[in-house]
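[1] Let's see this in three dimensions:
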Amino acid sequence: MNQRRYFGTDGIRGRVGSGNITPEFVLKLGWAVGRVLANGGRKKVLIGKDTRVSGYLLESALQAGLSAAGVDVLLLGPMPTPAVAYLTQTLRATAGIVISASHNPFEDNGLKFFSAEGFKLPDSVEFAIEAELEKTMEVVPSAELGKLARIDDAPGRYIEFCKATIPSMTRLSGLKLVVDCAHGATYHVAPKVFTELGAEVYAIGNHPNGFNINHEVGSTSPEALQKQVIEQGADVGVALDGDGDRVSLVDANGTLLDGDTLLYIIAKDRHARGVLDGGVVGTLMSNYGLEKACADMNIPFMRTDVGDRYVLESLQQQDWKLGGESSGHVVCLDKTTTGDGIVAALQVLSIMIKQNKRLEELCEGLKLMPQVLINLKTPKAAELANNSDVVGMVEALNIKLEGQGRVLLRPSGTEPVLRVMVEGLNQADVQAQAQELADAIQKIALSHDAVEAEA
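    Below is the predicted model:
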């Protein structure tokens, strides 16, 4: 089986100035992408980015590499990841590229890729790009160099698309929303989408300066939003991440609702109306409570590996339309081709309006199990997950839980992190078990480092 050298589960990501996130590498990556996509003909590629200061640097290098391969480039400027996927289709581009590290801090950056149809690139194309990266870079003759243009109306196009994903007569009038844009790529589009649909909007995290993306705001730091929902007396809070492909909601009481809860609300409504069109796809991290709630409604539920690309692949294989992750990637395949935070939020808000219910009322029937996730920072996450002592501890804890919970270890595909997740019936027990397991794994990691240092 082929192993990726550069691509992770969601493109390429890392610390700016090191590894693969350097201008030299991105220049050649652009050339390699252009070589694979050009295939002897004139092609065009869209480039969007989030609000990180390093976006300027990487955008220039990427554009130069694509031009060197004879590919024309259309620059979108700061735009959400799902907007790039959508515009790649509507502008009939060969591919779309997003310069973003999603929910990571501003010091990181990365690149995500979309096909002409707006889907993540298939494995075969990623392997072909990696093969080109091993070759010597050769610039096409001057007469064949790619040209550059800017798309000035990209935000307006995407705003209209988002509004069109709910019934045309639906109005959000009467709803007061707090919208947290994470100082990221949605800062100039998300508030307008909800305002133009009639909601009263109080925006936070909408003043990016290149350095504050995801900093104490957004879906990864929802405390600011929860506080503002209470202070503003809002009906709903909407927390987006840095590139806008995932979302969490906050109800009027300040309670945070994750991706599993949003999936439940959408699935329950569609099932009741007979338009679910199949079942629901979750991941290994999806809460067992969601699986049980789906079973209670006779809705098929299946799990896939963590990562929205795997959710999408499973949806396409099953010919289903709804899936997502507890982290907030919610995919409505009848509306979009990838996770879209604004679109997912709109689906839930339109259900509130249609059923004339508060957000917390839409959650009735879902009982999530206590779940604790601890992230251990380590460059050897995969090695630790397969360590015999670690595997033994996980098996012992699973036996102890006796089918009333589960343990999951997962090396992150985007960060040097080992995710330790424990799920069970009692919050205090789960917290203690997760911490005990994480501490034990940390000791094993430190002992192995000491052995290597002695060697």
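
[2] Tell me if K112 really is in a helix.
    No. Counting by DSSP: H, G, I helix; E, B strand; the rest coil, K112 is not part of a helix but strand.

[3] Not counting sequence-adjacent ones, nearest residue to it?
    When the adjacent residues along the chain are set aside, K112 lies closest to G11, with 3.9 Å between them (C-beta to C-beta, 6 or more residues apart in numbering). In this view, the C-beta of every residue, glycine as well, is placed from N, C-alpha and C.

[4] Now for that neighbour, how many residues are close by?
    Using other C-beta atoms under 10 Å, G11 is surrounded by 25 other residues.

[5] was I right about it contacting G110?
    Yes. Here G11 reaches G110: they are 5.6 Å apart, a contact under C-beta atoms under 8 Å.

[6] what's the next secondary structure element after the helix or strand harbouring L29?
    Secondary structure assigned from DSSP states H and E places L29 in helix 23-38. Tracing the chain C-terminally past helix 23-38 and defining elements by DSSP H and E, one meets strand 43-49 next.

[7] Report the buried residues of the longest helix anywhere in the chain.
    The longest helix of the chain (DSSP state H) is helix 427-454. Residues of helix 427-454 classed as buried: D429, V430, Q433, A434, L437, A438, I441, Q442, A445 (neighbour count, 16 or more other C-beta atoms under 10 Å).

[8] Ok, stretch 289-304 next?
    So for stretch 289-304, counting by 16+ other C-beta under 10 Å, buried means G289, L290, E291, A293, C294, M297, I299, F301, M302, T304.

[9] Nearest to S142 among these?
    Taking C-beta to C-beta as the measure, T304 is the one of the buried residues of stretch 289-304 closest to S142, at 47.0 Å.

[10] tell me the contacts of that closest one?
    V281, G282, T283, L284, Y310, V311, E313, S314 (C-beta atoms under 8 Å, 6 or more residues apart in numbering).

[11] Closest one to N20 out of the residues you listed, please.
    Y310 (22.0 Å).

[12] Show the model's pLDDT score for the residue nearest to that closest one when sequence neighbours are not counted.
    Of all residues not flanking Y310 in the chain, T304 sits nearest, at 4.4 Å (C-beta to C-beta, 6+ apart). pLDDT recorded at T304 is 94.

[13] Any regions of this protein where pLDDT drops low?
    Along the chain, the model assigns pLDDT under 70 to residues 1-3, 39-41, 403, 414, 448-455.

[14] hang on, the earlier thing: in terms of secondary structure, what does the helix holding L29 contact?
    strand 43-49, helix 54-68, strand 71-78, strand 95-99, strand 108-115, helix 123-133 (3 or more C-beta pairs under 8 Å, 6 or more residues apart in numbering; DSSP states H and E).

[15] Mind doing that once more with 6 Å?
    Applying 3 or more C-beta pairs under 6 Å, 6 or more residues apart in numbering; DSSP states H and E, one finds that helix 23-38 contacts helix 54-68, helix 123-133.

[16] deepest of the ones you listed, which one?
    helix 54-68 (a mean of 21; mean count of other C-beta atoms under 10 Å).

[17] Quick one: work out the angle between it and strand 43-49.
    Relative orientation of helix 54-68 versus strand 43-49 (axes from the mean of the first three to the mean of the last three C-alpha atoms, to 10 degrees): 170 degrees.

[18] helices or strands next to helix 54-68 in the packing?
    Using 3+ C-beta pairs under 6 Å, 6+ apart, helix 54-68 is in contact with helix 23-38, strand 43-49, strand 95-99.

[19] Give me the residues contacting that helix.
    16, 23, 26-27, 30-31, 34, 45, 49, 73, 99, 109, 139, 145-146 (C-beta atoms under 6 Å, 6 or more residues apart in numbering).

[20] next one: stretch 70-89
    Contacts of stretch 70-89 (C-beta under 6 Å, 6+ apart): 34, 38, 43-49, 51, 63, 66, 96, 98, 114, 118, 140, 144, 146-151, 154, 158, 161, 185-186, 243-245, 336-338, 340.

[21] In PyMOL, how would I select just the buried ones from those?
    In PyMOL, this line selects whichever of those come out buried by 16+ other C-beta under 10 Å:
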select buried, resi 34+38+43+44+45+46+47+48+49+51+63+66+96+98+114+118+140+146+151+154+158+161+185+186+243+244+245+336+337+338+340
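
[22] I appreciate the help and will end here.
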